[in-house]
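K.L.:
Dropping the sequence and predicted coords here.
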Amino acid sequence: MLRIVLVLLVSAVGADAQAQIYRWVDANGTVHYSNATPPPGVKATTVDIDARPGPASVESSECYTVRCQGERLERRQAQRDELEARLAAERAAAAPKRPKGLDFRNYVSIQRGMTEGELLVIAGEPDLLSDQGAAIAAPSAVQAGRNLRVPARTVMSLKTYTYLPTVADPFTTTITLVGGRVSEIERVRKF
């Protein structure tokens, strides 16, 4: 008995789904559309609706099996890992490099008049490099450093190499190069 009642109930719901749409015009000239039967005495026409199912939405097409959920989780984790790696690389590029400093053994090997290449072999790359560009000398002879005189109208490059203090070596060493040669060496204790 319960099955029969259930079948009748389901068929009644199905009948509602197949309901007709009516179109009629009332006495004031207003057009009405309704799925309810129009009032008596009104000429109504049925409207054919071509109701086809539309494409499934993204949410409804997602499967919720364990495998699908695992795949989605792996995709999200891969995207998150890629984003974290990119951000870590950007942070590492933006972070200042640790100073290398200049050991005392290397410092005592540097001499005035030494070329820039010789300096780089002994001391290595500086922590800070300041290239002031070119300086033009006007007098007949120019004192470029304590021990260096150059002829007039010479274009010389002017660079400053700075080696910052480290825990092992608490001195800041500044080396000035004029014309590609060591001109001044200054070493100051910072700690």
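P.N.:
Arrived safely, thanks for sending.

K.L.:
Helix or strand: which one has the residue sitting furthest away from the middle of the chain?
P.N.:
No residue in the chain sits farther from the centre than residue 41, which is 70.9 Å out by C-alpha atoms, centre = their mean. Residue 41 belongs to no helix or strand when assigned by DSSP states H and E.

K.L.:
and residue 88, how many residues sit next to it?
P.N.:
10 (other C-beta atoms under 10 Å). Backbone N, C-alpha and C define where each C-beta goes, glycine included.

K.L.:
cool, residue 169 as well?
P.N.:
23.

K.L.:
OK, contacts around residue 165?
P.N.:
99, 101, 171-172, 190-191 (C-beta atoms under 8 Å, 6 or more residues apart in numbering).

K.L.:
do the same with residue 102
P.N.:
123, 163, 169, 171, 173.

K.L.:
Tell me where the chain has strands.
P.N.:
21-25, 31-34, 44-47, 128-136, 141-145, 148-151, 155-163, 171-178, 181-189 (DSSP state E).

K.L.:
Tell me where the longest helix sits in the protein.
P.N.:
helix 66-94 (DSSP state H).

K.L.:
pLDDT for the contacts of residue 102 - can I get that in CSV?
P.N.:
Putting those into CSV (pLDDT from 0 to 100) gives the following:
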residue, pLDDT
123, 91
163, 91
169, 84
171, 89
173, 92
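
K.L.:
Go through the residues you listed and name the one nearest residue 146.
P.N.:
Nearest to residue 146 out of the contacts of residue 102 is residue 173 (C-beta to C-beta; 17.0 Å).
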